[in-house]
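K.L.:
need a structure here:
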Amino acid sequence: MHDQIRKNMIIIGADGVTVGTVAEAGHHRITLEPPQIGAHKGHQHFISNGLVAAVEGNTVRLSANADVAITFEEEA
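P.N.:
Purely as a prediction, here's the structure:
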């Protein structure tokens, strides 16, 4: 399933809330596009592939709600 994840796909939490956009998909984690505004502007964040529940069309669905998923984000 992780080999289906591509750049520019939308990442959605289990609750339907958008988490971000895929910048790059790796073997163990997804690199998100850096935010353009706010406190984390320009910072690179990552989400573990372990949170991916499904890949549907242009959407990566996570097994955790968006607010929980972002607490698991890693920063470079």
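K.L.:
after the strand or helix carrying residue 46, which helix or strand is next? Please name it.
P.N.:
Using DSSP states H and E, residue 46 maps to strand 45-48. Per DSSP H and E, the first helix or strand lying C-terminal to strand 45-48 is strand 52-56.
K.L.:
please identify the buried residues of the helix or strand just after that next one?
P.N.:
Downstream of strand 52-56, the next assigned helix or strand under DSSP H and E is strand 59-62. Buried residues in strand 59-62, defined by neighbour count with 16 or more other C-beta atoms under 10 Å: 60-62. Bear in mind the C-beta positions are built from the backbone N, C-alpha and C, glycine included.
K.L.:
same check on stretch 17-34?
P.N.:
19-20, 22, 25, 29-32.
K.L.:
next step: those residues restricted to strands.
P.N.:
Of the buried residues of stretch 17-34, the ones assigned to strands by DSSP state E are 19-20, 22, 25, 29-32.
K.L.:
on that earlier part again, ok, the buried residues of strand 59-62 vs residue 44, which is closest?
P.N.:
residue 60 (17.2 Å; C-beta to C-beta).
K.L.:
remind me which residues of this structure are low pLDDT?
P.N.:
For the chain, the stretches flagged by pLDDT under 70 are 35-43, 71-76.
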